[in-house]
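> model this:
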Amino acid sequence: MEKKLKALAESLPEVESVAVVDEEGFIVYKYDKPGLTLDAEEVDVHIVNPVTRLVEVIQDVSGEKDSLEEMVLFTTNHVMLVYKLVNDTYLVVLARRTPLYGKIRFKVRARLWEIKSTL
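Purely as a prediction, here's the structure:
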């Protein structure tokens with residue numbers, strides 16, 4: 001799995017970190033590029049709690065189970081992509097913010113099947 005995460009990160013210059021995180025915020029697998037501008041591990045661990053709560057709220061309100069496909073969060077300097085994988089795990093991608101973030105989304109989504117099948 002680490003090789004797949006590294007290949008994903010290395011294929012996109014803007015991506016700084018890629019991690020698979022479980023529903024409790026424990027990092028299962030991760031790859032960080034050298035020279036990170038922030039603590040990616042801290043982001044990975046803490047981003048999952050609000051995501052799981054939002055999923056619960058959506059499920060309660062709409063009745064849609066496992067409705068989260070993708071969540072995109074923007075900060076001043078970064079974009080965070082969160083994808084639901086299997087067995088209550090999430091893929092968290094941390095990238096430098098760019099106007100072409102759609103390219104990052106496209107390439108990550110193109111490899112989701114590969115990551116899911118490995119889990």
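> residues in contact with stretch 88-102: which ones?
8, 12, 14-23, 28, 37-38, 40, 43-44, 47-48, 51, 72, 74-85, 104, 108, 112, 115, 119 (CB atoms under 8 Å, 6 or more residues apart in numbering). (Glycine included, C-beta is placed from N, CA and C.)
> longest helix anywhere in the protein?
helix 40-62 (DSSP state H).
> just to revisit the earlier point, just the buried ones from the contacts of stretch 88-102?
Among the contacts of stretch 88-102, those scoring as buried are 8, 12, 14-21, 40, 43-44, 47-48, 51, 78-85, 104, 108, 112, 115 (criterion: 16 or more other CB atoms under 10 Å).
> what about the residue nearest to the spatial centre of the chain, which SS state?
Residue closest to the mean C-alpha point of the chain, counted by CA atoms, centre = their mean, is residue 92 at 1.7 Å. Secondary structure, DSSP: H, G, I helix; E, B strand; the rest coil: residue 92 is strand.
> now do the strands in this protein.
All strands of the chain, identified by DSSP state E, fall at 15-22, 27-32, 71-74, 78-84, 89-96.
> export these to JSON lines and tack on mean pLDDT and distance to residue 2?
Formatted as JSON lines, those follow (pLDDT from 0 to 100; distance: least, CB to CB, whole Å):
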{"stretch": "strand 15-22", "mean pLDDT": "94", "distance to residue 2": "10"}
{"stretch": "strand 27-32", "mean pLDDT": "93", "distance to residue 2": "6"}
{"stretch": "strand 71-74", "mean pLDDT": "91", "distance to residue 2": "24"}
{"stretch": "strand 78-84", "mean pLDDT": "92", "distance to residue 2": "18"}
{"stretch": "strand 89-96", "mean pLDDT": "93", "distance to residue 2": "13"}
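> turn these into JSON lines, columns for distance to residue 59.
Shown next, in JSON lines, are the strands of the chain (distance: least, CB to CB, whole Å):
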{"stretch": "strand 15-22", "distance to residue 59": "18"}
{"stretch": "strand 27-32", "distance to residue 59": "23"}
{"stretch": "strand 71-74", "distance to residue 59": "15"}
{"stretch": "strand 78-84", "distance to residue 59": "12"}
{"stretch": "strand 89-96", "distance to residue 59": "16"}
